[in-house]
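Undergrad: need coordinates for the following:
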Amino acid sequence: DGDLRSSLSANSPPNSQAVSHVASYVSHASQHPSGAGSSCGRRRPHSAQPAPVGDTHRRELLREQQQVMQERTMRRLRQRQAEKAGKAEREFEDRIKDIDTQEATLVSGVGMFLGVRAADIKRKQATLHRAWEANIFNEITKQIEEEVQRRSETGEMGERWRTAKDQYIDAVGRKEGGLFRDIIIE
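TA: Numbers count the residues shown, from 1 in each chain. Below is the predicted model:
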């Protein structure tokens, strides 16, 4: 019995509940030599049984071992948490560097793209204007010049303008308030 108790406390397994359970079984077996099938009646629960004098020392040792294991577990947990936080911080820093790099290249690329696009728009406008001038404006101007030249040569233009001028002077004389935007309404 004593050898088993000392081996249990010396070789404390990591599972403290198993140690406690086995130790209470050994302690119970030592109090009742007839074993688990004892015919002494109903057994009291473990918590209600009086603690033997040797058991308090053993319980204190088990409590100390459990405290040491608890501290070791907490230390490992804090260390893992610190490592995890450090890893997360390094990953965050790496992501920030990647974003800064992408932003620097993207901003310059977008600036260059917008400059090229603006130049392309101006080039297209200039091309469109030249095409409009050559195909539309020059044709209309040519037709106007031909008509003006024809009227000048035939004298039709001078006679028409003289008639329009005479109508205007007559209208100005008839209207008391004057003419609005040189419009003659009869």
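
Undergrad: which residues of the chain fall in helices?
TA: Under the criterion DSSP state H, helices of the chain are mapped to 2-10, 16-31, 53-132, 138-154, 156-174.

Undergrad: quick one: low-confidence parts of the protein?
TA: Low-confidence segments of the chain, defined by pLDDT under 70, are located at 1-41, 44-53, 177-186.

Undergrad: can we see that at 90?
TA: 1-57, 99-113, 147-186 (pLDDT under 90).

Undergrad: that older thread, now, of the helices of the chain, which is deepest in the fold?
TA: Ranked by mean neighbour count under mean count of other CB atoms under 10 Å, these are led by helix 16-31, which reaches a mean of 14. Quick note: C-beta positions are derived from backbone N, CA and C, even for glycine.

Undergrad: how much space separates Glu156 from Val148?
TA: Distance check for Glu156 against Val148: by CB to CB, to the nearest Å, it reads 11 Å.

Undergrad: ditto for Glu60
TA: Noted for Glu60: a distance of 124 Å to Val148, by CB to CB.

Undergrad: how about Met74?
TA: Met74 sits 104 Å away from Val148 when distances are taken as CB to CB.

Undergrad: check Ala171 too.
TA: 26 Å.

Undergrad: can you check Ile99 too?
TA: Taking CB to CB as the measure, Ile99 and Val148 are separated by 68 Å.

Undergrad: quick one, phi psi at Lys175?
TA: phi -90, psi 130 (degrees, to the nearest 10).

Undergrad: what is the neighbour count of it?
TA: Using other CB atoms under 10 Å, Lys175 has 12 other residues around it.

Undergrad: from Asp100, how far off is it?
TA: As judged by CB to CB, Lys175 and Asp100 stand 76 Å apart.
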